[in-house]
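*Asks:* Could you look at this predicted model? Sequence included:
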Amino acid sequence: MEPLAREIADRTLDTSGTFCPVPIIETAKAVRAMAPGERLLLVGTDPGIESDIEAWCRSTKNALERLWREGKSIRALVRKAPPA
Amino acid sequence: MAAYGIGMISGGLDSTLATRLLQEQGVRIKAINFYTGFCITETQRRLGGRQRDGKVPRNEALRMGGDLGVEVELVDLSESGYLDIVANPRYGYGKNANPCIDCRIFMMARAREILEREGADFVYTGEVLGQRPKSQRRDALGLIEKQSGLAGRLLRPLSAKLLPPTIPEIEGKLDREKLLAISGRSRKAQMELAERLGVVDYPQPAGGCCFLTDESFGRKFHDLLDHRELRKIEKDEIVLLATGRHFRLAPKVKLVVGRTEGENVILERYADETRWRLETPDQLGPLALVEGEPDYEQRLLASRIVARYGQGREQAEVVVAWRRGEDEDQLAVAPLAEEQTLDELRV
């Protein structure tokens, strides 16, 4: 799954080693700088990223297209929503 | 056009109810949640901690935003002068290391900037009049409102009817009659309101995510600052304060002993050229750090404490290895058995 996700992601953000809420703060910054429809691949090791990114996407209306684990690493593919 | 409010939310019950009340009035809402660096959830996750239900500790603000369909912006205050406020609060500390009035003023001043950026009508919080002894007294609420530059623009929906009307209420953008008059420390009114509004998922017990209100952390925080010439703390020191057993061996010498494997991993990260790294090479035991320049007696004492917490605690003698940069040493000591000595040194 990861090679495909890497291929279609417009940007990759590696937050490994940081913990709540830093990965989501960095994700928000990255997504803010992207165009609607573009995809961000978030990589991290905070085990709470799974629940955080899911809640953040519900809160911001961005689409969480995929969420999966590779060993200790958690990965999420987020597509930026069109403007409200 | 609907009123636009900026919510300072924690994801706890009160800020959730305040948000739901305003949603019922059709208010457009953007929520903000401040990251100060003193976040308990951050450290719990770093240590691999779990909630009572076995799950990874949640970020309640994000969870609340997702549940209520409200956008949450996480605002990082940890690099913005906030630590100077915490180390030198104008209005003093609460029971522990919590400078709640200064902290609220600082956060609300930042919320005012966001209000201006967003062109919003008001800022709101889940504060309840009289709920907390220091920051939620009537005079403190007024002081915070004035000092933050939010006079007339700061709404506390749960206690609004007990407070002067805000500008959006006077302008008719908010219906004051639909706001509440809750006060005091009892949670009964909030529980009933939660049931009426269908709010079922909120953190239990309440208590927030801030280390500064924690008694043990507060002791370590004050010990650190009280032994410094300048009352200043760096962001990187917060995690160290939240990790391990701390012992004050002398005004300028402190020992930190890991309690778990997770804490040992964190302490390893701090074992730089400025701190001595201690371990018991012949037995399983904690990793420990010594800050300062201990004399020989203090080195013996630190070694005896470290030996006490390892698997050699019942042995007559345990070797403790010291290392700082290129400097290395080993001391063979008897593990410290005297509880009283330990208690006197414990921060």
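*Replies:* Looks like it came in fine.
*Asks:* Can you report how many residues lie near A:T18?
*Replies:* 17 (other Cβ atoms under 10 Å in any protein chain shown). C-beta coordinates here come from the backbone N, C-alpha and C atoms, glycine included.
*Asks:* residue contacts, it?
*Replies:* A:26, A:44, A:46 (Cβ atoms under 8 Å, 6 or more residues apart in numbering or on different chains).
*Asks:* Can you lay out those as JSON lines showing secondary structure and neighbour count?
*Replies:* Output for the contacts of A:T18, formatted as JSON lines (DSSP: H, G, I helix; E, B strand; the rest coil; neighbours: other Cβ atoms under 10 Å in any protein chain shown):
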{"residue": "A:E26", "secondary structure": "helix", "neighbour count": "18"}
{"residue": "A:G44", "secondary structure": "strand", "neighbour count": "28"}
{"residue": "A:D46", "secondary structure": "coil", "neighbour count": "23"}
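*Asks:* can you tell if the least confident helix or strand in chain B by mean pLDDT touches chain A?
*Replies:* Ranking every helix and strand in chain B by mean pLDDT, DSSP states H and E puts helix B:40-46 at the bottom, with a mean of 87. Yes. With Cβ under 8 Å from any Cβ of the partner chain as the criterion, chain A is reached by helix B:40-46 at B:41-43, B:45-46.
*Asks:* residue ranges of the helices in chain A, please?
*Replies:* A:2-8, A:22-32, A:49-60 (DSSP state H).
*Asks:* same thing with chain B?
*Replies:* Using DSSP H, helices in chain B cover B:13-24, B:40-46, B:60-68, B:82-87, B:100-118, B:138-147, B:167-170, B:188-197, B:215-226, B:236-241, B:261-270, B:296-308, B:339-345.
*Asks:* circling back to that earlier point, of the contacts of A:T18, closest to chain B?
*Replies:* Lowest distance from chain B to the contacts of A:T18 (Cβ to the nearest Cβ) belongs to A:D46, with 5.6 Å.
*Asks:* most tightly surrounded among the helices of chain B?
*Replies:* Stretch with highest mean neighbour count among these: helix B:60-68 (a mean of 25; mean count of other Cβ atoms under 10 Å in any protein chain shown).
*Asks:* do it and chain A meet?
*Replies:* Yes. Helix B:60-68 comes into contact with chain A (Cβ under 8 Å from any Cβ), by way of B:62-63, B:65-67.
*Asks:* when you scan stretch B:69-80, is anything in it near chain A?
*Replies:* Yes. Judged by Cβ under 8 Å from any Cβ, stretch B:69-80 and chain A are in contact via B:69-74, B:76.
*Asks:* Tell me the buried residues within those.
*Replies:* Buried members of the residues of stretch B:69-80 next to chain A, scored by 16 or more other Cβ atoms under 10 Å in any protein chain shown, are B:70-74, B:76.
*Asks:* tell me, what residue is most central in the chain?
*Replies:* Went with chain A since none was named. A:L42 (3.7 Å; Cα atoms, centre = their mean).
*Asks:* Wait, chain B was what I had in mind.
*Replies:* B:C210 (2.0 Å).
*Asks:* residues near the nearest residue in space to that one that is not next to it in sequence, how many?
*Replies:* In space, and not counting its chain neighbours, B:C210 is closest to B:F38: 5.4 Å by Cβ to Cβ, 6 or more residues apart in numbering or on different chains. Look at B:F38: counted by other Cβ under 10 Å, it has 27 neighbours.
*Asks:* which residues does residue 35 contact?
*Replies:* If you meant another chain, say so; for now it's chain A. Neighbouring residues of A:A35 by Cβ under 8 Å, 6+ apart: A:K80.
*Asks:* The intended chain is chain B.
*Replies:* Per Cβ under 8 Å, 6+ apart, neighbours of B:Y35: A:21-22, A:25, B:74-78.
*Asks:* Drop anything exposed from those.
*Replies:* Listed as buried from these are A:21-22, A:25, B:74-78; burial here means 16+ other Cβ under 10 Å.
*Asks:* one step back: out of the contacts of A:T18, which are close to chain B?
*Replies:* Contacts with chain B within those, counted by Cβ under 8 Å from any Cβ: A:D46.
*Asks:* Looking at the contacts of A:T18, spot the one nearest A:G37.
*Replies:* Nearest to A:G37 out of those is A:E26 (Cβ to Cβ; 20.6 Å).
*Asks:* Near the residue nearest to that closest one when sequence neighbours are not counted, how many other residues are there?
*Replies:* Spatial nearest neighbour of A:E26, chain neighbours left out: A:T15 (5.5 Å); criterion: Cβ to Cβ, 6+ apart. When neighbours are counted by other Cβ under 10 Å, A:T15 registers 20.
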